[in-house]
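1. With the input below, show me the fold.
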Amino acid sequence: MTVTLPGPKRQPDPVADPAPDRLRRRRGHHPDRPAWEEEPKAATKLAKIVFLCLVVLAVLFPLWTVVITSFSTQEAITAAGGLVVVPTDLSLNAYQQILAGGVVTRAVGVSVFVTVVGTAISLIVSILGAYALSRPGTLLHKPILFLVLITMFFGAGMIPTYLLVSSLGLIDTLWALILPTSVSAFNVLIMRNFFMNVDRSMIDSARIDGAGEWRILFQIVLPVSKAVVAVIGLFYGVAYWNAFFNALLYINDTTKWPLQLVLRSYVLQGQAVPGAPGAELAAEGVPASLALQMAVVVLAMVPVLLVYPFIQKHFATGVMIGAVKG
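-> Reported below is the predicted structural model:
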């Protein structure tokens, strides 16, 4: 007589046997949710939706009022008592005036030049510095890295920096808006950490094949580092576009003012800028209308709003890998 002993109990395979998923759904669990995490209740989901909607509304409502006011006539602004919320009488007069010439149009050109040229210079210097610091064994690697770290905590100050810019003859030149802030130690360190995580086997293989450092940088390292380059480029571009303090210190000629300095004087402080739209009002010292001010604000916001969506997908890869690893 043959006796069959019971074998070990077979554990359910979640791939071959979908029964566990059916049980979890029956118990109120989503198959992608951990077993110990409870399914959120309807009230919790509703509270999250309401909270997110309020956050989005708090962000979009000021933008909506600024944009609608910039397209409104003076009569609509007067009837609304200030910023317009509900559009009634729309017009392009404000944009036609600020883009017809004068200090605002010149300021847009100055800001575009400073942003494009400054971002290009900053990226080139940061990439070269980060790659040199990411290669172990380079000349004076640790002392230079230590000096870069020191600049993150200690600065020369406003007066020594102004004296340096003045001694170089950069006062009242656009280079005064670019060169003093052309390199950020924080951005260099992020790029350095990213470059250090590039696969060493690719670099060693290229070096064995006879590739030099320049070829390794431009044909191997940079093609796999597009994410961090795009993110750092966005950081530099936004910083140059939004900067006004250097212009306030180093630029005395109003024809060389960037858009942000015009925005500060023309909109925030309500001053009449010589040569600005509505020259007859500026000559009398009368501040520009609210529609003109809001149109300048919209011009200052549009470039960043247009560029950011194309760079956003690189943020998780570019910043997190560059800042956490290494």
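
2. remind me which residues of the chain are low pLDDT?
-> 1-38, 267-288, 313-326 (pLDDT under 70).

3. which parts of the helix or strand where A300 lies are buried?
-> Taking DSSP states H and E as the criterion, A300 maps to helix 290-311. The neighbour-count check on helix 290-311 (16 or more other CB atoms under 10 Å) flags 290-300, 303, 311 as buried. Where C-beta positions appear, they are placed from N, C-alpha and C, glycine not excepted.

4. export the residues you listed to JSON lines and tack on distance to I127?
-> Formatted as JSON lines, those follow (distance: CB to CB, whole Å):
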{"residue": "L290", "distance to I127": "44"}
{"residue": "A291", "distance to I127": "43"}
{"residue": "L292", "distance to I127": "41"}
{"residue": "Q293", "distance to I127": "39"}
{"residue": "M294", "distance to I127": "39"}
{"residue": "A295", "distance to I127": "37"}
{"residue": "V296", "distance to I127": "34"}
{"residue": "V297", "distance to I127": "34"}
{"residue": "V298", "distance to I127": "33"}
{"residue": "L299", "distance to I127": "31"}
{"residue": "A300", "distance to I127": "28"}
{"residue": "P303", "distance to I127": "23"}
{"residue": "I311", "distance to I127": "17"}
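
5. so which of the residues you listed comes closest to F186?
-> I311 (17.5 Å; CB to CB).

6. can you dump the C-alpha coordinates of the host helix or strand of Y236 into CSV?
-> Using DSSP H and E, Y236 falls within helix 226-242. Provided in CSV are the C-alpha atoms of helix 226-242 (Å, rounded to 0.1, in the frame of the first residue of the first chain):
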residue,chain,number,x,y,z
LYS,A,226,21.4,66.4,-22.5
ALA,A,227,19.1,66.4,-19.5
VAL,A,228,21.4,68.1,-17.1
VAL,A,229,22.6,70.6,-19.8
ALA,A,230,19.0,71.5,-20.6
VAL,A,231,18.2,72.0,-16.9
ILE,A,232,21.3,74.1,-16.2
GLY,A,233,20.7,76.1,-19.3
LEU,A,234,17.2,76.9,-18.1
PHE,A,235,18.5,77.9,-14.7
TYR,A,236,21.0,80.3,-16.4
GLY,A,237,18.5,81.6,-18.9
VAL,A,238,15.8,82.4,-16.3
ALA,A,239,18.5,84.1,-14.0
TYR,A,240,19.7,86.3,-16.8
TRP,A,241,16.1,87.2,-18.0
ASN,A,242,14.9,88.1,-14.5
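
7. tell me what it is packed against?
-> helix 103-134, helix 185-196, helix 259-263, helix 290-311, helix 321-324 (3 or more CB pairs under 8 Å, 6 or more residues apart in numbering; DSSP states H and E).

8. returning to that earlier point: between the buried residues of helix 290-311, which sits nearest K41?
-> Taking CB to CB as the measure, K41 lies nearest I311 of the buried residues of helix 290-311, at 37.5 Å.

9. sorry, back to before: any idea which of the helices and strands packed on helix 226-242 is most buried?
-> Among the helices and strands packed on helix 226-242, helix 259-263 has the highest mean neighbour count (mean count of other CB atoms under 10 Å), at a mean of 25.

10. For F245, give its distance to V103.
-> According to CB to CB, to the nearest Å, F245 stands 19 Å off from V103.

11. before we move on, the earlier item: what's the closest of the buried residues of helix 290-311 to A47?
-> A47 has its nearest neighbour among those in I311, at 32.3 Å by CB to CB.
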